[in-house]
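Participant: whatever this is, show me its structure:
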Amino acid sequence: MGLFSTRPDRWAPRCGLAAACGMMAIVTTTVARADFTENFDGVTAPALPAGWTATNATGPAPLWVTTTTLSDSGPNNAFIDDPDAVVSDKRLDTPPIPIATTTAVLTFRNNYSLNGSGSSTEGFDGGVLEISIDGGAFQDILTAGGSFVGGGYTHTINPGFMNPIGGRMAWSGTSAGYITTTVNLPAAAAGKNIVLRFRMGSNNSSGPFPGWHVDSIRIDDCTITCPANITVPLGPGQCATVVNYPAPTTLNDCGVVSCVPPSGSSFPLGTTTITCAASENAICTFTVTVEDPDPDRDGDGVTNCVDGCPDDAQKTAPGACGCGVSDSDANGNGTPDCNDPPPAPAACGTCAQGIVPATFLSLAPLAWRCRRPKRRRRRT
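Facilitator: The predicted model follows:
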C-alpha cells in the first residue's frame, strides 16, 4: 500500500494491541492565487513596470531604473546609485496595493553597497523602506507599526552632512550579495491600499559607492481559520477511529493549504493536534479528541484499547488459555490446566499379595479400591 493511496478507506490502518493507530500524511487544498509580486522582468531595462514611479526629491539624476546587472531573478532588478559626495533623496514608489488582512507579509531580495563610514553601527548613506496607508503621509515601515522578521536595518545614519534620512535606522555598508528581507506589514493596513517606497539618502561627505539593488518583491496576504476542536467517541472494540473534518477557511489568496494529519485519517484514543499551513505564511491549529465512553469495562485499571482481555478483570492478555479462563497449573508440571489432560491411572502398588487394582474412585486425590479375586466353587 502506497502512502498516497487513491482508496480513501486505506487511510485507516487496522488497529491491533500494539499498532500505531494514527497514520500521518499530508492532504492539500489548492486555492486560487493573486498575490502582489514584482521581479521587474516584464519590461526592457531601464524602464520601470507600469504604475511604478521614480523621483529625486533632492539631487541630480539618475533616477531609480531597472538594470540587468546583479539581478536576483533574471533578467532585471531595480537599481539606484550612491553618488559621490552629493546630497540626494532618491525614491521608488510601488503602485497602490490592496491589503486584506492584519497578517500581510512583505518579502524582497535586497543587495546594497552604500557608504557605511567603516563603522558597524553608523552609516553615511543608506536606504529605508517607507509606507503610505490609504493615501496618508509616508512613514518608516517601523514607525507605521510594521516589524522586520529578517534582513532588517543595519546602521543608524549620521545626522550630519545634510543626509535627508540622517538620524534614522537604515540599510548601510554592504550586504555582500543579496539577502532576504521579510517584513510584517502594519496591522493598520488591513482593508486599505498601501504604497511602498524604497528610499535612498546620501550626504555630502564622500563617495561614490556602487548603490542599491532590489528584486523579487512579493506580498503574502492571507488569513487561514481552522475548524473548531472536534470530539468523537471510540467505537466498541476499537482503539482508533477515522475522523473526517472540514477544510480550513481562508481570507484572501492563501496558495496551497496543507493539513497534517489529513481529514479521513485514523485517529488514536486521546487528543491529536492538527496543523494547517498555507504557502502564504499563515498557520492555524485545532484538535481531534477520541474518547472511549467506557474506558475500562472490567475495572482492572487498564484501558480497553490496550487491554488484551477488556472483559476479564484477572487478565490483560489472552495467555495460554484465552480470556475468561485461568492459566493456573495445579500440578505444577509447567502446563496450564486448560491444556493438561488428567494423568493415566497408576497400578495400585500397595495392595497386598493376591490383591489387584479394582475400581477408580476419584481424581484428586487418586484413590483405588483393592479386592481379592473371587474363588470358583468345584462341583461335586
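
Participant: mind giving me the domain ranges of this protein?
Facilitator: Each structural domain of the chain that the record assigns through automatic domain parsing is listed here as a residue range: 8-33+223-291, 36-220, 303-327.

Participant: now for this structure, the helix or strand with the poorest mean pLDDT.
Facilitator: Counting by mean pLDDT, DSSP states H and E, the chain has its least confident helix or strand at strand 27-30, which shows a mean of 39.

Participant: tell me which element the closest residue to residue 324 other than its chain neighbours is part of?
Facilitator: The spatial neighbour of residue 324 that comes closest, neighbours along the chain excluded (Cβ to Cβ, 6 or more residues apart in numbering), is residue 312 at 5.3 Å. In this view, the C-beta of every residue, glycine as well, is placed from N, C-alpha and C. Assigned by DSSP states H and E, residue 312 belongs to neither a helix nor a strand.

Participant: residue 312: neighbouring residues, count only.
Facilitator: Around residue 312 sit 20 other residues, with neighbours defined as other Cβ atoms under 10 Å.

Participant: give me the distance between the closest residue to residue 278 other than its chain neighbours and residue 155.
Facilitator: Taking Cβ to Cβ, 6+ apart, and ignoring the residues beside it in sequence, residue 278 has residue 254 as its nearest neighbour in space, at 3.8 Å. As defined by Cβ to Cβ, to the nearest Å, residue 254 lies at a distance of 36 Å from residue 155.

Participant: comparing these two, which residue is more hemmed in?
Facilitator: When residue 254 and residue 155 are compared on other Cβ under 10 Å, the one with more neighbours turns out to be residue 254, at 27 against 22.

Participant: got a pLDDT number for the more buried one?
Facilitator: At residue 254, the model reports a pLDDT of 81.

Participant: any idea how far it lies from residue 188?
Facilitator: Taking Cβ to Cβ as the criterion, residue 254 is separated from residue 188 by 22 Å.

Participant: thought residue 113 was touching residue 171?
Facilitator: No. In this structure residue 113 lies outside contact range of residue 171 using Cβ atoms under 8 Å: 10.2 Å.

Participant: now for the two: what residues contact both?
Facilitator: Jointly contacting residue 113 and residue 171 under the rule Cβ atoms under 8 Å, 6 or more residues apart in numbering are residue 212.

Participant: between the two, which is the more surrounded one?
Facilitator: Neighbours around residue 113 and residue 171, counted as other Cβ under 10 Å, are more numerous at residue 171. The numbers are 27 against 19.

Participant: skip the chain neighbours and tell me the closest residue to the more buried one.
Facilitator: For residue 171, ignoring the flanking residues on the chain, the nearest one in space by Cβ to Cβ, 6+ apart is residue 127 at 4.7 Å.

Participant: and the one you found, what are its bridge partners?
Facilitator: For residue 127, the beta-bridge partners under DSSP bridges are residue 171, residue 200.
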